[in-house]
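**Student:** what follows is a predicted structure for the sequence shown.
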Amino acid sequence: MALGELPLCHVRLQTDARWPWLILIPHLPGLREIEDLSPSDRARLIEESVLAGQAVRSMGAALGRPVEKLNLGALGNVTAQLHVHLVGRRADDPAWPGPVWGVGASVAYAHDDLETVIAAARRGLGL
């Protein structure tokens, strides 16, 4: 679900209620790896990742499930376009301590919770 735009990246919400989760996708087409970015865009990606990480923490707090560990990953094995996942983790989450990919079926947010996480994410991102 699209949340907004930062100077370098589109921001999307991964709508799996098991984890507060944002994805950053640089606007520049054809990127596959972080090394494909210019040095200044690499620095911008790090700064936007920090900002998105703060937004993920805000999402967890808004749901009463504070983030204990922030995971950042740029895998790209399924979707080649460069993108970065920021996932809020807790010791009681369904995949802890392993990776979140491929663990069970996605769980949809309840309507009110979805509105809560969208608002928290946008506030955290300054959107």
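**Tutor:** Sure thing, it's come through. Numbers count the residues shown, from 1 in each chain.

**Student:** C-alpha only now, for contacts and for neighbours.
**Tutor:** Noted.

**Student:** relative to residue 40, how far out is the most centrally placed residue in the chain?
**Tutor:** Geometric centre of the chain, nearest residue: residue 22, 1.8 Å, by CA atoms, centre = their mean. Residue 22 sits 22 Å away from residue 40 when distances are taken as CA to CA, to the nearest Å.

**Student:** ok, now residue 79?
**Tutor:** Distance from residue 79 to residue 40, by CA to CA: 24 Å.

**Student:** now swap in residue 59 and tell me
**Tutor:** Residue 59 sits 29 Å away from residue 40, going by CA to CA.

**Student:** more neighbours, these two?
**Tutor:** Just comparing residue 59 and residue 40: by other CA atoms under 10 Å the higher neighbour count belongs to residue 59, 30 against 8.

**Student:** low-confidence regions, this structure specifically.
**Tutor:** Residues of the chain meeting the criterion pLDDT under 70: none.

**Student:** wait, a helix at residue 3?
**Tutor:** No. Under DSSP: H, G, I helix; E, B strand; the rest coil, residue 3 sits outside any helix and is assigned strand.

**Student:** any idea how far apart the tips of stretch 52-72 sit?
**Tutor:** Note: stretch 52-72 ends 10 Å apart using CA to CA.

**Student:** what does stretch 9-18 give?
**Tutor:** End-to-end distance for stretch 9-18: 24 Å, by CA to CA.

**Student:** now do the longest helix along the chain: everything it contacts.
**Tutor:** When the chain is parsed with DSSP state H, its longest helix is helix 39-62. With CA atoms under 8 Å, 6 or more residues apart in numbering as the test, helix 39-62 has contacts from 6, 8-9, 19-22, 24, 26, 34-35, 66-67, 70, 84, 86-88, 116-118, 120-125.
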